[in-house]
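Asks: structure, please.
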Amino acid sequence: MLNIHKYIVLDENQKPKAIQISIEDFQRLEEIIENYGLAKLMDEVKDDERLSIDQAKDYYQTLK
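Replies: Residues are numbered from 1 along each chain as shown. As a prediction, this is how the structure comes out:
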C-alpha cells in the first residue's frame, strides 16, 4: 500500500471535512490512476483488429 502523508482539515466542530496531500503524493496517485486506466483500455482492445503500418497511416490521415 502507498504511504501517503495526509493532513486532515477539520471544521469548527472538529469533524473531518477535507484531506490535503503533498504535490508529490498527488502526482504519484495521478500516475497510478493513469496507468491503471491505460492497462484497462489495453485489455479491452486486445482482441480488436490490428492495422498494418500503412493502414494505420491512412486511417490517421482521415482524422486530420
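Asks: report the distance from the lowest-mean-pLDDT helix or strand in the chain to the chain centre.
Replies: Every helix and strand in the chain was compared by mean pLDDT, DSSP states H and E; the lowest is helix 53-63, with a mean of 92. Helix 53-63 has its C-alpha centroid displaced from the chain centroid by 27 Å (C-alpha atoms, centre = their mean, to the nearest Å).
Asks: give the residue farthest from the middle of the chain.
Replies: What lies farthest from the middle of the chain is Asn13; by C-alpha atoms, centre = their mean that is 34.8 Å.
Asks: can you classify that residue as helix, strand or coil?
Replies: coil (DSSP: H, G, I helix; E, B strand; the rest coil).
Asks: Gln20: which element?
Replies: Secondary structure assignment for Gln20, by DSSP states H and E: strand 16-21.
Asks: measure the residue farthest from the centre of the chain to Met42 for me?
Replies: 47 Å (C-beta to C-beta, to the nearest Å). Every residue, glycine included, has its C-beta placed from N, CA and C.
Asks: secondary structure element for Glu30?
Replies: Counting by DSSP H and E, the element that carries Glu30 is helix 23-44.
Asks: show residues contacting that helix.
Replies: Helix 23-44 has contacts (C-beta atoms under 8 Å, 6 or more residues apart in numbering) with 2, 4-6, 21.
Asks: so which of the residues you listed is the closest to Leu51?
Replies: Nearest to Leu51 out of those is Leu2 (C-beta to C-beta; 37.7 Å).
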